[in-house]
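**Q** Coordinates for the following, if possible.
(one chain, ligands or ions: 3)
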Amino acid sequence: MITKHLVSFFAATLISLGANAGIIFEDDFDTEAGAAGVSSLNYTSFNNWTVSDGTVDVVANGGWGISCAGGSGKCVDLDGSTSNAGVLTSSLLSLSAGTYSLSFDISGNQRGGAADRFTLALGGFLNEAFELSSTAPWQTVTRSFTVLNDSANSIIFNHVGGDNIGIMLDNISLSKTDVPAPGTLALFGLGLIGLGFARRNARK
Ligand SMILES: [Ca+2]
Ligand SMILES: [Ca+2]
Ligand SMILES: [Ca+2]
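**A** Numbering: from 1, shown residues only. Ligands and ions are numbered 1, 2, ... in the order given. Here you go, the predicted structure:
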């Protein structure tokens, strides 16, 4: 009887763990600002983001000589066109306990001048300053973090300064990564069954 219950518990755990893994959030900005090829300065109508301070620009690949990640689609200049660099804040993301991986693509401003800086924040889990020279090529940044208690947080990119020429951002992706290997789960299940037998024998 105990074993049967434990197997049911094991199966339920397996299903719930599987359902909780995978991509939580992703955005490539390619559908922002209307038709393909259209840029928009001081853009505020993002699908998944709020410009919570300053301004940002949506740039179509090729606009102002700027290449977006992968050489197509659209990307974001984190320093818009009002001499007040932007704070780009994602919609609130529900994060259940587990491990996560955040990745995004950034390049230098591609227009010369001084190096640019922004800060990345995600709740109390990530807080990091980045500085890129104007010629820094597109690069993917990946950061991992662990959430102990269920919570809701935003991803925040906060650009410094305001000369209207900022770091370019593209391809943000947040995934939950704590998918236990089948071997680990099998051992976990065997351990529980073993515990059941031990309890039953102790009772005899
Ligand atoms: Ca893009
Ligand atoms: Ca700009
Ligand atoms: Ca700048």
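
**Q** Could you give the number of residues near A69?
**A** Other residues within reach of A69, judged by other CB atoms under 10 Å, total 22. Every residue, glycine included, has its C-beta placed from N, CA and C.

**Q** got it, and N47?
**A** For N47, the count of nearby residues is 9 (other CB under 10 Å).

**Q** swap in G73?
**A** For G73, the neighbour count with other CB under 10 Å is 18.

**Q** and it, how far is that from A35?
**A** G73 sits 12 Å away from A35, taking CB to CB, to the nearest Å as the criterion.

**Q** Then N84?
**A** Computed as CB to CB, the N84 to A35 distance reads 28 Å.

**Q** of these two, who's got more company?
**A** Neighbours around N84 and A35, counted as other CB under 10 Å, are more numerous at N84. The numbers are 16 against 7.

**Q** Now the phi/psi pair for that one, please.
**A** Backbone torsions for N84, taken as degrees, to the nearest 10, come to phi -150, psi 100.

**Q** quick one: it and V56 touch, right?
**A** No - applying CB atoms under 8 Å, one finds N84 not in contact with V56, separated by 10.3 Å.

**Q** Domain map for the protein?
**A** Dividing the chain into domains by automatic domain parsing, as the record does, gives the ranges 1-21+180-204, 23-178.

**Q** T142 against L102, yeah?
**A** Yes - applying CB under 8 Å as the test, T142 and L102 come out as touching, 7.2 Å apart.

**Q** Alongside ligand 2, which residues does the chain contribute?
**A** 57, 77, 81, 164 (CB under 5 Å from the ion).

**Q** re earlier: determine which stretch of the domains of the chain is the most buried.
**A** The highest mean neighbour count among the domains of the chain belongs to domain 23-178 (a mean of 17), with neighbours defined as mean count of other CB atoms under 10 Å.

**Q** and it, does that touch ligand 1?
**A** Yes - if you take CB under 5 Å from the ion as the test, domain 23-178 does meet ligand 1, through 28-30, 68, 73, 75, 170.

**Q** any idea which of the residues you listed is closest to ligand 2?
**A** Among those, C75 lies closest to ligand 2 (CB to the ion), at 11.7 Å.

**Q** partners of the strand or helix carrying that closest one in the sheet?
**A** Following DSSP states H and E, one finds C75 within strand 74-77. With DSSP bridges as the test, strand 74-77 is paired with strand 57-60 (antiparallel), strand 168-176 (antiparallel).

**Q** what sits up against the first one?
**A** Yep, that's strand 57-60 we're talking about. Contacts of strand 57-60 with the rest of the structure, by CB atoms under 8 Å, 6 or more residues apart in numbering, involve 29, 32-33, 36-43, 66, 68, 73-77, 80-81, 168.

**Q** ok, now with 10 Å
**A** For strand 57-60, contacts defined as CB atoms under 10 Å, 6 or more residues apart in numbering pick out 29-30, 32-46, 63-64, 66-68, 72-82, 86, 110, 164-166, 168, 170.

**Q** I'd like to know which of these are part of strands.
**A** Restricting the contacts of strand 57-60 to those inside strands, with DSSP state E as the criterion, leaves 74-77, 168, 170.

**Q** what about G161, distance to ligand 1?
**A** G161 sits 23 Å away from ligand 1 when distances are taken as CB to the ion, to the nearest Å.
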